[in-house]
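Chemist: Structure for the following, please:
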Amino acid sequence: MTARARAVVVGGGIGGLTAALALQLRGWRVTVLERARELKPVGAGISLAPNAQRALDVVGLGDEVRSLAAWEGVGGLRTPKGRWLSRADPALAAERFGGSLVLLHRATLIGELAGRLPADVVRTASDARLADAGDPADPSRPARVSTPEGDLEAELVVGADGIHSGVREVLFPAHPGTAYAGFTTWRVLVPPLGRAFVEHETWGPGRLWGTHPFADGTVYAYAAATAPAGGAAADGDERAELLRRYGSWHDPIPAVLDAVEPGGVLRHDVHHIAEPLPAFHRGRVALLGDAAHAMTPMLGQGGNQAIEDAVVLAHHAAPDAPLDLEGYTRVRQPRTALVARRARTVSRVNMLGNRPGIALRNAAVRAVGLVGPALMLRGMDGIADWRPPQERPYVDVDERV
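Modeler: The predicted model follows:
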C-alpha cells in the first residue's frame, strides 16, 4: 500500500467509525459515507465486554469509554415473579476475562468515535452504492463507490452498512441474506427512577426483560418476545404492548414502564445471517459488523464483534505491506461464526415457551449457580477474553516523529 492511500467506509455506525479511526491511525485517507442525515445510532444502549474494550484501547478510546460508562454490578437472572435464578459476580468475571463489562449510550460511543476524526471525514446524507469491487492485484483498478455527488475511487472500501447491507448484496448476489430469528425486541430509556434497584435480566415464557442503569442514572431497559415477523402494536402504542406483556412482572419493571414517554419505545424485529457468507471480502472490499455476520443479540456481542472487526481489518491494512483482505477473512470468519452460533443457542434457551422446558432451564441455571458463579461464566470463554493482534495503541501517522 502506498502512503496515504484512500479508504471509503460505507456506513457511519459503531463498526464503520471504529474502522475509519483505526485506518486513519494506520495512515489511510478516510472518507465515511453515511446515508442518514446525522450520526444517530439505532438503539439505546450498548454493553462493551472486555474484548471490545481492548479493541478500543488500540484506537486510543478504551480509557475514555470506561470513564463514561456504568460498570457491571451485582445483578443476575430472575423469574417474572422476582425469584433469583443466579447472581452475577463482577469481580470474578473481571478476573476471568481481564476486565469488566461496561454499559453506555450508543450515542455516546458514536460521539467519541466521530470526535476523533477530522471534521471533513464523515459525510452524512450520502447514499452510497458499490459500483466496482476493484482488484488488489491490479494497481490500476481501484474500487469505486457511486454517490449522488459523484464517484469515489479507493484502494479499500469497507462495507459497514448494517444488516441490510447493499455492499454485501453487490459482493455476494447469490447469498440469501438475512433471516428472521423468530422474535422481536423493544428498547427504552427513562429518567432516573429516584430509588436504587438491582440490575437484572428476567426470563419468562417466550420473552425476557432487562433493566440496567447508565452512569448518569438514566435507566436502559430492553425486552424480547417471540412474535411473527413484521408485527406491531395494534394501535401503534408500543408502550401499551409492553405493559400488556410485562406490566405484571417484578419491580422495577412496572416503574420503568410508568416512566416511558409517548413514542419512547424502539421496536425492531431481529434478523440474522443464518447461512454464513463465503468470505468477508472480495476484490478491494471488506465487510464488517452486521453486514458480514449479523447475529442474535442474546450475548450482547453484535457491536463488540464489529469493533473487533475494525481493528483486525486495520491490522491487515498495514501502511508498509500489501493489503491483506484474505488474512482478514481468515481470522474473522471462524471467530464470528463461533460467536453467532453461541448467540443462537442462547436465544433458543432464552425464548423457551413451553412450561416443561422452562422448568428444566430454570432448574439447570439455579443448579449451576449453586455450584459456583465461575461455571456461569464459561459461556463467554473464548469470547470476552479475546485480545487484538496488536495491543499497543496506534499512533496517528501525522504525529509520528
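Chemist: Report the residue spans of this protein with pLDDT below the cut-off.
Modeler: Applying pLDDT under 70 to the chain picks out residues 1-3, 42-43, 372-373, 397-401.
Chemist: Go through it and flag its longest helix.
Modeler: For the chain, the longest helix by residue count, based on DSSP state H, is helix 325-350.
Chemist: can you give me the angle the helix or strand following it makes with helix 325-350?
Modeler: As assigned by DSSP states H and E, the chain's next helix or strand after helix 325-350 is helix 355-371. If you take axes from the mean of the first three to the mean of the last three C-alpha atoms, to 10 degrees, helix 355-371 sits at 110 degrees to helix 325-350.
Chemist: Tell me the buried residues in the longest helix of the chain?
Modeler: 325, 327-329, 331-333, 335-336, 339-340, 342-344, 346-347, 350 (16 or more other C-beta atoms under 10 Å). No exception for glycine: its C-beta is placed from N, CA and C like everyone else's.
Chemist: so who does residue 73 touch?
Modeler: 88, 90, 198-199 (C-beta atoms under 8 Å, 6 or more residues apart in numbering).
Chemist: let's see 6 Å
Modeler: residue 199 (C-beta atoms under 6 Å, 6 or more residues apart in numbering).
Chemist: wait, doesn't residue 212 sit right on residue 197?
Modeler: No: Residue 212 is not in contact with residue 197 according to C-beta atoms under 6 Å; the separation is 9.8 Å.
Chemist: Pick out whichever of the two has more residues nearby.
Modeler: residue 212 (21 against 16; other C-beta atoms under 10 Å).
Chemist: Quick check: the gap between the more buried one and residue 300.
Modeler: Between residue 212 and residue 300 the computed distance is 11 Å (C-beta to C-beta, to the nearest Å).
Chemist: Please identify the helix or strand for residue 131.
Modeler: In this assignment (DSSP H and E), residue 131 forms part of strand 129-132.
Chemist: Enumerate the positions of that strand that are buried.
Modeler: Result for strand 129-132 [16+ other C-beta under 10 Å]: buried residues 130-132.
Chemist: mind saving the C-alpha coords of it as CSV?
Modeler: What follows is strand 129-132 as a C-alpha-only set of coordinates in CSV (Å, rounded to 0.1, in the frame of the first residue of the first chain):
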residue,chain,number,x,y,z
ARG,A,129,-23.5,2.3,-3.8
LEU,A,130,-20.6,-0.1,-4.5
ALA,A,131,-20.0,0.2,-8.3
ASP,A,132,-16.8,-1.8,-8.7
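Chemist: who's in contact with it?
Modeler: With C-beta under 6 Å, 6+ apart, strand 129-132 has contacts from 144-146, 167, 170.
Chemist: just so I have it, where are all the helices in this structure?
Modeler: 14-25, 50-58, 62-68, 90-97, 106-115, 166-171, 238-246, 253-259, 290-293, 302-315, 325-350, 355-371, 373-376.
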